[in-house]
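> Build the 3D model from these lines:
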Amino acid sequence: MTNIKSTWLSVLIGLGMILGAMRARGDVLVATDGERFVGTVEETNATNVVFESKLAGHLVFLRNAVSDLLITPVAQLAKMPAAVTNPPAKSLDWKPPGVGTDGADWVQLKSGEWLRGQLKYVQNKEVEFDSDEMEQQTLKLKNVRCVYPAQPVFTQFVDRAPVYGPVVISNDVVMVSGTAPLSQSREDLIGITTAGNRPGLKNWSGKASVAFSLQSGNTHQTTMSASAELARRTPSTTLLLDYLGNYSESDNIQIANNNRFNSTYDIRLGKDWFIRPVQFEFYQDDPANINYRLTAGVGGGYYVFDRTGLEWTLSAGPSYQYTRFGTVGLGEADYTTTPAAGLQSSFKADITRRLTFIQSWQSTFTSERAGLYTHHMVSTLEFEVKRHLDLDVSLVWDYLQNPQGKSDDVVPQKSDLYLNVGFGVRF
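Numbers count the residues shown, from 1 in each chain. As a prediction, this is how the structure comes out:
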């Protein structure tokens, strides 16, 4: 009886170990360029290796593009044998031989995966990296273990001027070498860029999205919306160019036709505060009787939250506004100028690894003829479909408290609401 119990206990322990190993699957694939992926080998054949990466998702490699392939014992039992040459160590201490010698930038994730390519920037707790195999990726800094730029970069810490030199991020420490070596905690890091304040395309990134629909039959309707964002970053500055447009026509009657262009330039003063020496907006809305409206101002802001997966900034400042109306009543001026005061809120939170909620709010207080009070709100759910492709669902709310009446005495509605569903491309 004792022997039977011991046998069953051994079987149960063995099954438990197998199930635990299956849960802890960690196949390793190393590409010929040195990039290393951790995940699951889905299939191997004479020409391809199909791999499910923890970071990159579904990947297909040509066999001649795979340098090393390590399959866990559980995987070997479940699959046909695969060619394995010089299996790489699974320890986080393993380092590709090209780091520091091949002229490329390298990033190691906490999962043990290694990416080779070009570092664009580190800012706002994110690492923008253009990988050889996966193209451009936006990584959460909390998921990154090490960063090895190949060339000297500009690095800025809290309460310090930017420093230039070779840098390494290792675990929770940022080390800058050169004539004045410096080592500080990652918590004090504001940003890293490869070009500092120099001109060039390396510091630019952006996104563009479009939604379009047609309806025919009893009603003929055309609806289109487009948005674009272009940003240039240095360790302590952000230049943001933003566009949003909506157009809608039903039975040859124009329902919506507006275009909004915003530009801001922020200089970060420390961990929590920033100033905005330049803020400009161009707005045009034909149905709202606004031929065009120009607003220019300055401001300052505060980071309410600034951590990985959660960011919220508030800013405010004075401005000056010029509005040219489409049509006006007899004897009325077709334009108005006014000092103004603005309040802005920008909120971004990660709901899941692929789903992000983004909301921007802009309120402006002006004279009564200029509208008295206006606000522009955009709430977006952004779902990452694949790498650079997103599915965006946005609710836009434009409000003008005191619209200017037209020459036919028709007063436009105070509120305009738009629900836009479309695809966006990040670059």
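
> Please tell me how far the nearest residue to Asn402 once chain neighbours are set aside sits from Tyr399.
Spatial nearest neighbour of Asn402, chain neighbours left out: Leu372 (4.5 Å); criterion: C-beta to C-beta, 6 or more residues apart in numbering. C-beta: built from backbone N, CA, C; applies to glycine. Separation of Leu372 from Tyr399 (C-beta to C-beta, to the nearest Å) stands at 11 Å.

> got the CA coordinates for stretch 180-195 in CSV?
Taking C-alpha atoms only, stretch 180-195 is exported to CSV below (Å, rounded to 0.1, in the frame of the first residue of the first chain):
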residue,chain,number,x,y,z
ALA,A,180,31.9,64.6,-16.3
PRO,A,181,30.6,61.2,-15.4
LEU,A,182,27.1,61.2,-13.8
SER,A,183,24.9,58.4,-12.3
GLN,A,184,21.3,59.0,-11.2
SER,A,185,18.1,57.1,-10.5
ARG,A,186,15.7,56.5,-13.4
GLU,A,187,13.1,58.3,-11.3
ASP,A,188,15.0,61.5,-11.9
LEU,A,189,15.2,61.0,-15.7
ILE,A,190,13.3,63.6,-17.7
GLY,A,191,14.3,62.5,-21.2
ILE,A,192,16.9,61.3,-23.7
THR,A,193,17.2,62.2,-27.3
THR,A,194,19.8,61.4,-29.9
ALA,A,195,20.0,64.8,-31.5
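
> Off-centre distance for it?
Mean-position distance between stretch 180-195 and its chain equals 21 Å (C-alpha atoms, centre = their mean, to the nearest Å).

> and for that stretch, what are the contacting residues?
118-124, 141, 147, 149, 151, 153-158, 163, 165, 167, 169, 172-176, 202-203, 233-236, 268, 271 (C-beta atoms under 8 Å, 6 or more residues apart in numbering).

> So among these, which ones count as buried?
Buried by 16 or more other C-beta atoms under 10 Å: 118-124, 141, 147, 149, 153-157, 163, 165, 167, 169, 174, 176, 202-203, 233-236, 268, out of the contacts of stretch 180-195.

> Select from those residues every entry located in strands.
118-123, 147, 153-157, 163, 165, 167, 169, 174, 176, 233, 268 (DSSP state E).

> ok, the residue nearest to Asn402 - contacts?
Leu372 sits next to Phe365, Thr366, Gln401, Asn402 when contact means C-beta under 8 Å, 6+ apart.

> 10 Å instead, please
By C-beta atoms under 10 Å, 6 or more residues apart in numbering, Leu372 lies in contact with Thr338, Thr364, Phe365, Thr366, Leu400, Gln401, Asn402.

> Just those residues: which are in helices?
Among the contacts of Leu372, no member falls in helices (criterion: DSSP state H).

> Let me know the closest of the residues you listed to Thr222.
Using C-beta to C-beta, Leu400 is the member of those that lies nearest Thr222, at 24.7 Å.

> Would you map the helices across this protein?
So, for the chain - with DSSP H - the helices run 2-23, 73-78.

> Where does pLDDT dip in the stretch 101-250 of the chain?
Residues of the stretch 101-250 of the chain meeting the criterion pLDDT under 70: 135, 195-203, 214-219.

> make it 50
Applying pLDDT under 50 to the stretch 101-250 of the chain flags the ranges 197.

> Quick check: closest non-adjacent residue to Glu311.
Per C-beta to C-beta, 6+ apart, closest to Glu311 is Lys348, 4.7 Å.

> any idea how far the residue nearest in space to the middle of the chain lies from Asn291?
Closest residue to the average C-alpha location of the chain: Thr138 at 6.3 Å, with C-alpha atoms, centre = their mean. The gap separating Thr138 from Asn291 is 39 Å, by C-beta to C-beta.

> Check Leu182 too.
Taking C-beta to C-beta, one finds Leu182 at 54 Å from Asn291.

> now swap in Leu417 and tell me
Taking C-beta to C-beta, one finds Leu417 at 22 Å from Asn291.

> Looking at those two, which has the bigger crowd around it?
Asn291 (14 against 10; other C-beta atoms under 10 Å).

> The more buried one: what's it in contact with?
Gln284, Asp285, Thr323, Arg324, Phe325, Gly326, Thr327, Asp334, Tyr335.

> Return a ChimeraX selection command for the buried portion of those.
With 16+ other C-beta under 10 Å as the criterion, this ChimeraX line picks the buried residues out of the contacts of Asn291:
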select :284,285,323,325,326
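
> With distance to Thr222 and pLDDT as extra columns, can I get the contacts of Asn291 in JSON lines?
Below are these laid out as JSON lines (distance: C-beta to C-beta, whole Å; pLDDT from 0 to 100):
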{"residue": "Gln284", "distance to Thr222": "19", "pLDDT": "97"}
{"residue": "Asp285", "distance to Thr222": "18", "pLDDT": "96"}
{"residue": "Thr323", "distance to Thr222": "28", "pLDDT": "97"}
{"residue": "Arg324", "distance to Thr222": "27", "pLDDT": "97"}
{"residue": "Phe325", "distance to Thr222": "26", "pLDDT": "96"}
{"residue": "Gly326", "distance to Thr222": "21", "pLDDT": "94"}
{"residue": "Thr327", "distance to Thr222": "24", "pLDDT": "93"}
{"residue": "Asp334", "distance to Thr222": "30", "pLDDT": "95"}
{"residue": "Tyr335", "distance to Thr222": "31", "pLDDT": "96"}
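
> Let's have the contacts of Asn291 in CSV, adding distance to Glu52.
Compiled in CSV, the contacts of Asn291 are given as follows (distance: C-beta to C-beta, whole Å):
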residue, distance to Glu52
Gln284, 48
Asp285, 48
Thr323, 55
Arg324, 57
Phe325, 58
Gly326, 56
Thr327, 61
Asp334, 62
Tyr335, 61
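
> Restricted to strands, list the contacts of Asn291.
Counting by DSSP E, these place Gln284, Asp285, Thr323, Arg324, Phe325, Tyr335 in strands.

> Between those residues, which sits nearest Glu382?
Nearest member of those to Glu382, counting by C-beta to C-beta, is Asp285, at 25.3 Å.
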